[in-house]
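Novice: Got a predicted structure here, sequence first:
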Amino acid sequence: MGRLLDTFIRIFSCEPVPVHYRPAPQVEDVGMMRALGETRKGDWVETASGVRFYPLDPRAEEVSLYDVAHHLSRIGRYNGAFRTEHYSVAEHSVAMAYWMLEEHRCPFLAYQALFHDAPEAYIGDMVRPLKRNMPDFEAAEEPIYQAVVEAFPMLWKSHEVCGTTGVGFVLAPLVKEADNRILVDERAQIMHQSGNTWGIDHLEPLGVVLTGCRPSEAYHRFVTCERELRRLCELEVEVGRA
């Protein structure tokens, strides 16, 4: 297991990973779609790479690591109510992935933790009190997450390994638990110390270190982390442990 942890820890010393720009479909491509009579549900949003992404009609071929990492590194947690200069969904996800690998010795759980908030890359984040009372928004996240799973083979494999591939894809219970426990770490390290009581006082923190890094650094960490975890998952498959 020391080899696995050493490999993961190298994510903070790796050189930046080149991610190539993927241009948006050309006008003639859109014209071809119309000529073939293909229609899409709803309207589209333009991603950082220029891809037209349809939130109500998501497709795996329109999902890319570049867009997921770029968007999540610039989306702030807690609606921006942190005391650091920035604290992104990407940094939150990488911290969870690191902890999951160290605590549970499972790169598949870690890979799933890295992507657990991936739908937010395409439809943004929403504060929990509002999200819990907007079932339509939560319902819109499900097909987007499925498209993300289909776009990343090792994410699909992670759900297979964790037994969460029923109707749709649901997060592993350990990932959901970590997503709640990290709130304790974030309140202590990232948020203003207001003295307000949160509904997480009974939870144990993960014990992760959060820095509130810049978007460019959060992007680098996310992309590098994905690469290293994917390699570990592939190794598990190669040796027949998954």
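Specialist: Yep, that arrived. Keep in mind that this is a model prediction, so the values were computed, not measured.

Novice: pLDDT on the top helix by length along the chain, on average?
Specialist: Criterion DSSP state H: the longest helix present in the chain is helix 215-238. Mean per-residue pLDDT for helix 215-238: 97.

Novice: Against which helices or strands is that helix packed?
Specialist: Helix 215-238 is packed against helix 2-9, helix 65-74, helix 89-104, helix 107-114, helix 153-162, with contacts defined by 3 or more Cβ pairs under 8 Å, 6 or more residues apart in numbering; DSSP states H and E. Using the backbone N, CA and C atoms, a C-beta is placed for each residue, glycine as well.

Novice: Adding distance to V170, write these out as JSON lines.
Specialist: What follows is the helices and strands packed on helix 215-238, written out as JSON lines (distance: least, Cβ to Cβ, whole Å):
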{"stretch": "helix 2-9", "distance to V170": "25"}
{"stretch": "helix 65-74", "distance to V170": "19"}
{"stretch": "helix 89-104", "distance to V170": "16"}
{"stretch": "helix 107-114", "distance to V170": "10"}
{"stretch": "helix 153-162", "distance to V170": "8"}
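
Novice: Once you drop chain neighbours, what's closest to M134?
Specialist: In this structure, M134 finds its nearest non-sequential neighbour in M126, 7.3 Å apart by Cβ to Cβ, 6 or more residues apart in numbering.

Novice: so is that neighbour in a helix, a strand, or just coil?
Specialist: Following DSSP: H, G, I helix; E, B strand; the rest coil, M126 is assigned to coil.

Novice: That one against D136, yeah?
Specialist: No - assessed by Cβ atoms under 8 Å, M126 is found out of contact with D136, at 11.4 Å.

Novice: what about these two, which has more around it?
Specialist: Using other Cβ atoms under 10 Å, the more surrounded residue of M126 and D136 is M126, with 15 against 6.

Novice: and the gap between the more buried one and P119?
Specialist: 11 Å (Cβ to Cβ, to the nearest Å).

Novice: what's the answer for G199, then?
Specialist: 23 Å.

Novice: swap in S73?
Specialist: For S73, the distance to P119 - Cβ to Cβ - is 15 Å.

Novice: So which of these two has more stuff around it?
Specialist: Remark: of S73 and P119, S73 carries more neighbours, 27 against 24, as counted by other Cβ under 10 Å.

Novice: Let me know whether that one touches V223 as I believe.
Specialist: No - at 9.1 Å, S73 does not count as touching V223 under the criterion of Cβ under 8 Å.

Novice: so what's K131 up against?
Specialist: K131 makes contacts with 137-138, as judged by Cβ atoms under 8 Å, 6 or more residues apart in numbering.

Novice: measure it to R187 for me?
Specialist: 18 Å.

Novice: So the most centrally placed residue in the chain versus G42, what's the distance?
Specialist: In the chain, the residue lying closest to the centroid (Cα atoms, centre = their mean) is F115, at 2.8 Å. For F115, the distance to G42 equals 23 Å [Cβ to Cβ].

Novice: Low-confidence bits of this structure, can you list those?
Specialist: Scanning the chain for pLDDT under 70 picks out the ranges 1-37, 166-168.

Novice: can you do 80?
Specialist: 1-38, 165-168, 242 (pLDDT under 80).

Novice: burial measure for the closest residue to H70 other than its chain neighbours, as a count.
Specialist: Beyond its immediate neighbours in the sequence, the residue positioned closest to H70 (Cβ to Cβ, 6+ apart) is A48, lying 4.3 Å away. Counted with other Cβ under 10 Å, the neighbours of A48 add up to 17.

Novice: element containing the nearest residue to H71 once chain neighbours are set aside?
Specialist: Nearest non-adjacent residue to H71, counting by Cβ to Cβ, 6+ apart: A121, 3.9 Å away. Remark: A121 resides in helix 120-123, with elements defined by DSSP states H and E.
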